[in-house]
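Chemist: below is the structure, and that's it, no one-letter string:
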């Protein structure tokens, strides 16, 4: 999207059977690198739902989601679901989360 020398990107869930710039399933956010600071709007619940259904991220989208902490949250949820425990939410980025047993 966008125009010449004014890029603007949508973050979408797309079916691999369609063309790269063709039909998509759902818009999950957008990214505007031209604004200062850059604009990144992500609908976290849609992203997490698609990832849980097996969607694969492109390298660029993964780096954007990693900056927002969504990839880390998804990984915590997946680890917790495999072990049968509830996911533990981290209060800050610098604080480590430990699971203590009494």
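Modeler: Looks like it arrived, so ask away. In this text, all values refer to a predicted model and were calculated from it rather than measured experimentally.

Chemist: can we go C-alpha only for contacts and neighbour counts from here?
Modeler: Noted.

Chemist: tell me where the model's unsure across the chain.
Modeler: 18-22, 85-102 (pLDDT under 70).

Chemist: spatially central residue in this protein, please.
Modeler: residue 65 (4.0 Å; Cα atoms, centre = their mean).

Chemist: nearest spatial neighbour of it, skipping sequence neighbours?
Modeler: With sequence-adjacent residues excluded and distances taken as Cα to Cα, 6 or more residues apart in numbering, residue 65 is closest to residue 71, at 5.8 Å.

Chemist: what count of nearby residues applies to that neighbour?
Modeler: Per other Cα atoms under 10 Å, the neighbour tally for residue 71 reads 18.

Chemist: in this protein, which spans are strands?
Modeler: Assigned by DSSP state E, the strands in the chain fall at 2-3, 6-7, 9-13, 26-32, 39-42.

Chemist: could you dump these to CSV with mean neighbour count?
Modeler: Compiled in CSV, the strands of the chain are given as follows (neighbours: other Cα atoms under 10 Å):
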stretch, mean neighbour count
strand 2-3, 8
strand 6-7, 11
strand 9-13, 17
strand 26-32, 16
strand 39-42, 16
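
Chemist: got a list of contacts for stretch 4-24?
Modeler: Stretch 4-24 is contacted by residues 1-2, 25-34, 42, 50, 55, 61 when judged by Cα atoms under 8 Å, 6 or more residues apart in numbering.

Chemist: from residue 33, how far off is residue 5?
Modeler: Remark: distance between residue 5 and residue 33 (Cα to Cα, to the nearest Å) = 11 Å.

Chemist: cool, and residue 62?
Modeler: Distance of residue 62 to residue 33, computed by Cα to Cα: 16 Å.

Chemist: now the strands of the chain in a markdown table, with distance to residue 77?
Modeler: Output for those, formatted as a markdown table (distance: least, Cα to Cα, whole Å):
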| stretch | distance to residue 77 |
| --- | --- |
| strand 2-3 | 35 |
| strand 6-7 | 33 |
| strand 9-13 | 20 |
| strand 26-32 | 20 |
| strand 39-42 | 18 |
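
Chemist: appreciated, that's everything.
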